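Asks: Quick one: sequence plus predicted model below, questions after.
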Amino acid sequence: MSICPRSPAAPAGLAATRLCLAAIGCALLPLRLAAADADAADSSRSASPVAAPVSSIVAASVGSGVFDVRRFGATGKKSDDARPAIQRAIDSAAAAGGGMVYVPPGDYVTGTLRLRSRVRLEIEAGATLFASPDPKAYEYDGVVSKAALFYGEELEGVTLGGRGTLDGQAEYEWRLDDFERAFDHKTHMQKLGKPLLRAFPKGFPARVVFPHAVWLGRSRDIQISGLNIARFPGWALAFYGCERLTFDRLGVYSSLKEGVWADGIDLDGCRDVSISNCSIETGDDCIVFISTDAWGPPRPCENITVSNCRLSSASAGVKFSEGNRLAIRKVAVSNTVFANVNRGIVFSIALGGLVEDVLLSNLVMDCRRFDWFWAGDGQPFHFRIKRLSEFNEEPPKAGEPPPGRIRNVLIRDVLAQAMGTSRIYGHPESPLEGITIENVRLTLSADPAAPFDLADHALHFRWATNLTVRGVNVAWRTPALPAWQSALCCQDVSGLEIDRFCGRGAGPDRAAVLLENVAGASLRDSRLWEDARLFARVAGQGSRAIVLRGIDLPEAALTFSAGVEVPTGAVRLLETR
């Protein structure tokens, strides 16, 4: 997946294996992550709308604190340029010390509108603001990745609301891929002789301006509610270094089939954020957390809640982005339905950052696979820690950050339908720390129409310390794939607790639990299904101090088997049922 450091144009849902720094849904150029300042090279911008004298602007207000854009010259006809009139209304409200800019029903085409502090925009039901197709209509202060319909920096007390629509008018074209590099999906497609057609934003790469609906930097006390935000070619809502953000009752949409790089809400170095009651259906990731240096010094992304939402994505429902340079922490996602998603929750680090103190609870997930160029294989959970060179499948580079860290993550109360293996991987030099998965009911099925399928285990843990798997139930749907193996696979784990597990391997003779090079494990109070014959298989010379107790077995089933390489006495059986 072409990962830009989840910076300006991080194409996170796509699977190009080079971290690029393409602008947020804008420049999308395949630059290396190290080129974090590449956006700034194009410093061009169009002229601002001509501002009317303050006295005449204020006189056009409807009444006390209300500024109707029609009074400033907006016609509500799509054939007219509404930008100067709407900007004058915004400036009028600011000049008056604050107020509400009212956009009545109608069609309005506009480029960049500069928001002002203490100004509320009320976009009425039946009103649609269309993003101009002319790149010259956008201002971005020398950083093309900031181009947006609504733009502002260092603001306070801004509200965007109403029941109206923001329409980015994105268009896409299909052509043979010339963008992805070392991406396993592309490799498999090539081996199978399958066509490598895929979607690109129209005009890419010659066109570099792909606007957001909103871009705000270093602002506070921002509320966005009620609006429908559709068809933006880049990250729809993008924020850097903002505080006290509230998103409520939003509908955000981009094409699940072709909306590459079209994320929903992206938070870079933001804190004290609430996202609630939103329906987000996007080609790329629905919600992204990142801490990068694309728009300024990296800041921690922290103190965030996501609740009562519905998410659909051809990439990921919620993503802790690989572009994390500093920290993402204190995040809670709850009471949310992931309907028709490729991946549910993704934790990825490639720039040495930290993810910690995360709670994911009361989730329903229906995961399925999408076209070959989307990253993901229909899995509910995906964790990975890599160096940048490893991510890009390149030789190690001097001075690159060490592997990042993921610790203190609790996932509980989840119902999940999956079509791919949930790979929960740390790094040999930086294992996952303190991961708990509790009360999860997971069902794995195959997609007969898929050109290839990489699934093997239902849940695969590797490189972790202090891992807890409690109350997990795994089922397999038919037809089964020959490659399917164990419900739980744990490799290179130190300090493992499996409690109240219920299930079996993919077939009667396959172990429900596979332990390889696991040290210090307790498996207890678990049940093997009636048609299964083996609860656990132990392998690896590094396996030791493994204790099984209270395992409920069907008749003639074995509690465990151990490979010849496993040290004598590495496994102790205390009791069975």
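Replies: Now that the structure is in, tell me what you want to look at. Numbers count the residues shown, from 1 in each chain.
Asks: shaky segments in the stretch 451-577 of the chain?
Replies: Scanning the stretch 451-577 of the chain with the threshold set as pLDDT under 70 gives 576-577.
Asks: Mind giving me the packing neighbours of the strand ranked longest in the chain?
Replies: Determined from DSSP state E, the single longest strand within the chain is strand 327-349. Other elements packing on strand 327-349 under the criterion 3 or more CB pairs under 8 Å, 6 or more residues apart in numbering; DSSP states H and E are strand 287-290, strand 301-307, strand 310-320, strand 354-367, strand 379-385, strand 405-418. Quick note: C-beta positions are derived from backbone N, CA and C, even for glycine.
Asks: Specify the beta-bridge partners of the closest residue to residue 153 other than its chain neighbours.
Replies: Distances taken as CB to CB, 6 or more residues apart in numbering place residue 217 nearest to residue 153, at 4.4 Å, with adjacent residues excluded. Taking DSSP bridges as the rule, residue 217 bridges to residue 153, residue 240.
Asks: Repeat that for residue 161.
Replies: residue 122.
Asks: Pull the contacting residues for residue 192.
Replies: 451, 452 (CB atoms under 8 Å, 6 or more residues apart in numbering).
Asks: Kindly tell me how buried the nearest residue to residue 393 once chain neighbours are set aside is, as a neighbour count.
Replies: Using CB to CB, 6+ apart and skipping the chain neighbours, the partner closest in space to residue 393 is residue 182 (4.1 Å). Applying other CB atoms under 10 Å, we find 14 residues neighbouring residue 182.
Asks: a strand runs through residue 182, doesn't it?
Replies: No: assigned with DSSP: H, G, I helix; E, B strand; the rest coil, residue 182 falls outside any strand and is coil.
Asks: Please report phi then psi for it.
Replies: Dihedral angles of residue 182 (phi, psi; degrees, to the nearest 10) stand at phi -80, psi 80.
Asks: repeat for the one 10 residues further on
Replies: Its backbone dihedrals place residue 192 at phi -90, psi 0, with angles given as degrees, to the nearest 10.
Asks: shouldn't the residue nearest to residue 153 be in contact with residue 146?
Replies: Yes: the pair residue 217 and residue 146 passes the contact test of CB atoms under 8 Å, sitting 7.4 Å apart.
Asks: Have a look at the two and say which one is more surrounded.
Replies: Using other CB under 10 Å, the more surrounded residue of residue 217 and residue 146 is residue 146, with 28 against 21.
Asks: Pull out the buried residues from stretch 116-130.
Replies: 116, 117, 118, 119, 120, 121, 122, 123, 127, 128, 129, 130 (16 or more other CB atoms under 10 Å).
Asks: I figured the second one hits residue 91, correct?
Replies: This points to residue 117. No: using CB under 8 Å, residue 117 makes no contact with residue 91, being 11.8 Å away.
Asks: what number of residues lie near the closest residue to residue 503 other than its chain neighbours?
Replies: Nearest non-adjacent residue to residue 503, counting by CB to CB, 6+ apart: residue 474, 3.8 Å away. Residues lying near residue 474 (other CB under 10 Å) number 25.
Asks: Would you check how far apart residue 474 and residue 487 are?
Replies: Going from residue 474 to residue 487 by CB to CB, to the nearest Å gives 4 Å.
Asks: thinking again about what came up before, tell me how far the residue nearest to residue 393 lies from residue 386.
Replies: To residue 386, residue 182 is 13 Å away according to CB to CB.
Asks: Quick one: the strands in the stretch 451-577 of the chain, in order.
Replies: For the stretch 451-577 of the chain, the strands defined by DSSP state E, counting those that start in this stretch cover 459-476, 488-499, 502-503, 513-528, 534-539, 544-552, 558-562, 571-576.
Asks: if you skip the residues just before and after it, what's nearest to residue 77?
Replies: Using CB to CB, 6+ apart and skipping the chain neighbours, the partner closest in space to residue 77 is residue 107 (6.5 Å).
Asks: which residues sit in contact with residue 378?
Replies: 342, 343, 367, 368, 369, 418, 419, 420, 447.
Asks: ok, those vs residue 392, which is closest?
Replies: residue 343 (20.3 Å; CB to CB).
Asks: That closest one contacts residue 382, correct?
Replies: Yes: taking CB under 8 Å as the definition, residue 343 is a contact partner of residue 382 at 5.3 Å.
Asks: Could you tell me which residues touch both of these two?
Replies: Residues touching both residue 343 and residue 382 (CB under 8 Å, 6+ apart): 316, 376.
Asks: who's more crowded, the two?
Replies: Between residue 343 and residue 382, counted using other CB under 10 Å, residue 343 has the larger neighbour count: 30 against 23.
Asks: who touches the more buried one in this structure?
Replies: Contacts of residue 343 (CB under 8 Å, 6+ apart): 313, 315-317, 367, 375-382.
Asks: Please repeat the previous calculation with a cut-off of 7 Å.
Replies: When contacts are counted by CB atoms under 7 Å, 6 or more residues apart in numbering, residue 343 touches 315, 316, 367, 376, 379, 382.
Asks: Nearest to residue 80, out of the residues you listed: which one, please.
Replies: Set against residue 80, the nearest of the contacts of residue 343 by CB to CB is residue 315 (36.8 Å).
Asks: Can you report how many residues neighbour the closest one?
Replies: So residue 315, with other CB under 10 Å, has 31 neighbours.
Asks: Surely it and residue 287 touch.
Replies: No: using CB atoms under 7 Å, residue 315 is not in contact with residue 287; the gap is 11.1 Å.
Asks: Would you mind finding the longest helix in the chain?
Replies: As assigned by DSSP state H, the longest helix anywhere in the chain is helix 83-95.
Asks: Which is the succeeding secondary structure element to it?
Replies: Going down the chain from helix 83-95, the next helix or strand is strand 99-103, by DSSP states H and E.
Asks: circling back: with respect to residue 166, which of the buried residues of stretch 116-130 is nearest?
Replies: Of all those, residue 166 sits closest to residue 129, with 5.2 Å by CB to CB.
Asks: contacting residues for the closest one?
Replies: Contacts of residue 129 (CB under 7 Å, 6+ apart): 108, 110, 123, 149, 166.
Asks: wait, the first one sits on residue 76?
Replies: So the one you mean is residue 108. Yes: here residue 108 reaches residue 76: they are 6.5 Å apart, a contact under CB under 7 Å.
Asks: Give me the more crowded residue out of the two.
Replies: residue 108 (25 against 17).
Asks: Who does the residue most central in space within the chain form a beta bridge with?
Replies: Residue closest to the average C-alpha location in the chain (CA atoms, centre = their mean): residue 319, at 2.7 Å. Beta bridges link residue 319 to residue 288, residue 346 when assigned by DSSP bridges.
Asks: show me where pLDDT drops low in the stretch 251-400 of the chain?
Replies: By pLDDT under 70, the stretch 251-400 of the chain contains no weakly predicted segment.
Asks: Now do residue 124 against residue 162, distance only.
Replies: The gap separating residue 124 from residue 162 is 6 Å, by CB to CB.
Asks: again with residue 441
Replies: Residue 441 is 40 Å from residue 162, where distance means CB to CB.
Asks: ok so, going back, looking at the contacts of residue 129, which is nearest residue 136?
Replies: residue 110 (12.9 Å).
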